[in-house]
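**Q** Any chance you could fold what I've pasted below:
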Amino acid sequence: MAALFAGRVLVANNGARDELDTERELARCLDNKVLLLYFAAAACPRCRAFSPLLRDFYVRLTDEFYVERASQLVLVYVSRDDTEEKQSRFLKSMPKRWLSLPFEDDFKRELAERFAVAAVPAVVVLAPDGRLIAANAVEEIRRAGPACFKNWQEAAALVDRNFLAAEDFDEVARRSLTDPVRRLKYKLGKKTRDEEEEEGEGGRGG
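**A** Sure thing, here's the model as predicted:
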């Protein structure tokens, strides 16, 4: 997923406004994660109504107060604000783990065109390999809240970190998620329909 922002700068939403601009930094933040591109503007009434919901959605999936282990989720704010001051003011009220494109970066327009974003708010959901999971997940997030992340995770065939030793994660995260062995690992905990039927017959026979 880091390839989407190759040659670009992403800005961390922390006090230092750290810039991520190297291939390694971008890969560490973006690879092996579901990516949300949040197109919005602080002055937009619909965005003002939705943004607190998205903030809560993100926090409940990534903050240690709610979860033992942060979900494999990253969000990049793609500003439609008309001034840098408005963008900065908006981001101050959002989670520190959010990322954003610099205000002056024209890549924001290219992303809007690429994903056919005609109106805001819009949340484009991408799998780690760049496949489109949802063209606009705003209504899904409103309706299902954090529960919809599981659907995205399954759609992305995402490998859970529990299957990876800590020292192996950086290496594996760089591989394509089309690796069939990794897909098999993701499915190890799931029983096949045939197995479930056999167990059912065994229970009835006993």
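
**Q** any idea how far residue 133 is from residue 153?
**A** Plainly put, residue 153 is 10 Å away from residue 133 if you go by C-beta to C-beta, to the nearest Å. To be clear about C-beta, it is placed using only N, CA and C from the backbone, and glycine gets the same treatment.

**Q** Now for the two: what residues contact both?
**A** Both residue 153 and residue 133 are contacted by residue 34, under the criterion C-beta atoms under 8 Å, 6 or more residues apart in numbering.

**Q** name the element residue 141 belongs to?
**A** Following DSSP states H and E, one finds residue 141 within helix 138-144.

**Q** where's residue 103, which helix or strand?
**A** With the criterion set as DSSP H and E, no secondary-structure element contains residue 103; it sits in neither a helix nor a strand.

**Q** Equivalent analysis for residue 74, please.
**A** With elements taken from DSSP H and E, the one containing residue 74 is strand 73-79.

**Q** cool, residue 133 as well?
**A** strand 132-134.

**Q** packing partners for that strand?
**A** For strand 132-134, the elements it packs on are strand 122-126, helix 148-155, judged by 3 or more C-beta pairs under 8 Å, 6 or more residues apart in numbering; DSSP states H and E.

**Q** what are the pairing partners of the strand holding residue 74, and which direction each?
**A** Strand 73-79 has these partner strands in its sheet, going by DSSP bridges: strand 34-40 (parallel), strand 99-100 (parallel).

**Q** Export these as a markdown table, with columns for mean neighbour count, distance to residue 88 and mean pLDDT.
**A** Converted to a markdown table, these look like this (neighbours: other C-beta atoms under 10 Å; distance: least, C-beta to C-beta, whole Å; pLDDT from 0 to 100):
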| stretch | mean neighbour count | distance to residue 88 | mean pLDDT |
| --- | --- | --- | --- |
| strand 34-40 | 24 | 14 | 97 |
| strand 99-100 | 22 | 9 | 98 |
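
**Q** Using TSV, lay out those strands together with distance to residue 22.
**A** Formatted as TSV, the entries for these read as follows, by distance: least, C-beta to C-beta, whole Å:
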stretch	distance to residue 22
strand 34-40	18
strand 99-100	14
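
**Q** and of these, who's closest to residue 11?
**A** Among the strands paired with strand 73-79, strand 99-100 comes nearest to residue 11, with 5.2 Å by C-beta to C-beta.

**Q** contact partners of the closest one?
**A** 10-13, 20, 29, 74-79, 87, 91.

**Q** Show the model's pLDDT score for residue 166.
**A** If you check residue 166, the pLDDT there is 40.

**Q** which stretch of helix or strand covers the nearest residue to residue 44 once chain neighbours are set aside?
**A** In space, and not counting its chain neighbours, residue 44 is closest to residue 120: 5.5 Å by C-beta to C-beta, 6 or more residues apart in numbering. Secondary-structure assignment from DSSP H and E places residue 120 in no helical or strand segment.
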